[in-house]
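In: I need the structure of the sequence given here:
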Amino acid sequence: MSAAFASGREAMQWKKAEHDFADCFLCAHRCHIAPGKRGLCGVRENRGGTLFSLVYDRIVSAHVDPIEKKPLYHFLPGSRSYSIATVGCNFRCRFCQNWEISQAREAFAHGERVTPEQIVAAALATQCASISYTYTEPTVFFELAYDTAGLARERGLRNVFVTNGYQTPETVEKMAGRIDAANVDLKAFSEDFYRRMCKASLAPVLDSIREMHRRGIFVEVTTLVIPGENDSEAELRGAARFIASVSPDIPWHVSRFHPDYELTDRPVTPAATIYRALEIGKEEGLRYLYAGNLPGDEYENTHCPRCGKVVIARRGYFVSEVNLKAGTCAACGEKLPVIT
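Out: As a prediction, the model looks like this:
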């Protein structure tokens with residue numbers, strides 16, 4: 001028995017199929033995995049007809065981050081989040097900023113051995129208000145996240161997914177009640193982009209955003225705008241209109257692209273493109289719009305939609321001022337969708 005197998009645990013969200021195949025329904029790829037093989041994520045393996053997670057107790061990153069780094073601007077503003085990751089991803093994004101770990105396949109063998117109890121203890125010791133499952137796609141280390149989140153809630157900690165949103169409805173149902181908030185990457189608003197750039201599909205992401213919101217998971221959405229790829233007026237308007245159809249109170253973070261990984265032939269996104277996307281968001285009825293990767297910009301702040309006053313002032317990942325009283329604007333009393 002390999003060391004990886006011995007240190008893993010049986011996977012969640014799968015069922016046995018004929019001839020010892022394993023049908024994984026953790027994410028929308030719904031892999032049909034032959035004995036001895038792995039799913040597309042590379043970290044769930046069929047061993048003798050049983051599907052195992054190979055990364056259950058192997059994290060490759062653990063940091064204390066401002067919650068604003070996720071980015072979550074309306075969830076526990078100004079707090080710190082204990083942030084962990086394993087290797088693996090169910091996407092193949094050509095522009096991935098964490099490709100060294102997300103696209104790794106065997107690095108889990110070198111990860112730090114850890115238990116859910118130890119993760120929760122570390123979060124409490126570092127005075128964090130939450131645990132974030134982030135940096136890579138947390139769906140692929142769902143077993144670790146699920147067990148950790150249950151313990152964390154017992155100790156008064158919240159739980160956050162920073163995710164591509166490719167969960168199945170069955171997995172979103174499992175998340176409800178354990179995962180408190182999610183920032184979902186809506187990477188574009190076309191099937192073509194998802195196929196070419198991510199080796200995935202748009203529709204399951206839209207379904208997950210709707211379902212997370214319906215089940216009470218606090219949702220914020222991020223779109224990284226890449227010149228010449230997903231920056232057309234039609235795509236930006238489509239994304240904004242979709243988010244507003246779920247709820248106009250969902251914050252939309254529109255972020256500036258920097259060349260990385262396999263996509264180094266595109267320029268940095270012009271600031272004007274970001275501002276135009278935010279204007280489109282306003283036109284489509286979104287009430288909370290933010291510019292990402294533009295430090296010091298006015299669009300880092302949260303404004304009251306009624307009186308226009310700054311209710312949360314930020315610079316980069318740090319909160320400098322909060323003008324809220326019991327979730328309402330201190331100036332006019334407007335109720336804001338902010339969880340404190």
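
In: helices or strands up against the strand ranked longest in the chain?
Out: If you go by DSSP state E, the chain has its longest strand at strand 218-225. The contact analysis (3 or more Cβ pairs under 8 Å, 6 or more residues apart in numbering; DSSP states H and E) places strand 218-225 against strand 181-185, helix 203-214, helix 233-246, strand 252-256, helix 271-283. To be clear about C-beta, it is placed using only N, CA and C from the backbone, and glycine gets the same treatment.

In: Dump the ones you listed to a markdown table, plus mean pLDDT and mean neighbour count.
Out: Output for these, formatted as a markdown table (pLDDT from 0 to 100; neighbours: other Cβ atoms under 10 Å):
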| stretch | mean pLDDT | mean neighbour count |
| --- | --- | --- |
| strand 181-185 | 98 | 25 |
| helix 203-214 | 98 | 20 |
| helix 233-246 | 98 | 19 |
| strand 252-256 | 98 | 23 |
| helix 271-283 | 98 | 17 |
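
In: what does whichever helix or strand residue 319 is part of contact?
Out: Using DSSP states H and E, residue 319 falls within strand 318-322. Strand 318-322 has contacts (Cβ atoms under 8 Å, 6 or more residues apart in numbering) with 66, 68, 77, 78, 310, 311, 312, 313, 314.

In: let's see it at 10 Å
Out: Residues outside strand 318-322 that contact it (Cβ atoms under 10 Å, 6 or more residues apart in numbering) are 66-69, 73, 77-79, 300-302, 310-314, 330, 338, 340.

In: in a helix, that's where residue 151 is, yeah?
Out: Yes: assessed by DSSP: H, G, I helix; E, B strand; the rest coil, residue 151 belongs to a helix.

In: How about it: what's its closest non-neighbour residue?
Out: Distance criterion Cβ to Cβ, 6 or more residues apart in numbering; nearest residue to residue 151, sequence neighbours excluded, is residue 120 at 4.8 Å.

In: so the one you found touches residue 152, yeah?
Out: Yes: using Cβ atoms under 10 Å, residue 120 is in contact with residue 152, at 5.2 Å.

In: list residues touching both of the two?
Out: Common neighbours of residue 120 and residue 152 (Cβ under 10 Å, 6+ apart) are 82, 128, 131.

In: Now render those residues as CSV, adding pLDDT.
Out: Below are these laid out as CSV (pLDDT from 0 to 100):
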residue, pLDDT
82, 98
128, 98
131, 99
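
In: before we move on, back to that, list only those of the contacts of strand 318-322 flagged as buried.
Out: Burial by neighbour count, 16 or more other Cβ atoms under 10 Å: within those this picks out 66-69, 73, 77-79, 300-302, 310-314, 338.

In: what angle separates the longest strand of the chain from strand 181-185?
Out: If you take axes from the mean of the first three to the mean of the last three Cα atoms, to 10 degrees, strand 218-225 sits at 20 degrees to strand 181-185.

In: how distant is strand 218-225 from the center of its chain?
Out: 8 Å (Cα atoms, centre = their mean, to the nearest Å).

In: pull the CA atoms of it into PDB?
Out: Output of strand 218-225 as PDB, limited to C-alpha atoms (Å, rounded to 0.1, in the frame of the first residue of the first chain):
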ATOM      1  CA  PHE A 218     -23.100  34.300   1.600                       C
ATOM      2  CA  VAL A 219     -21.800  34.800  -1.900                       C
ATOM      3  CA  GLU A 220     -19.500  37.300  -3.500                       C
ATOM      4  CA  VAL A 221     -18.400  37.000  -7.100                       C
ATOM      5  CA  THR A 222     -15.000  37.800  -8.800                       C
ATOM      6  CA  THR A 223     -14.300  38.200 -12.500                       C
ATOM      7  CA  LEU A 224     -10.700  38.500 -13.700                       C
ATOM      8  CA  VAL A 225     -10.900  40.600 -16.900                       C
END
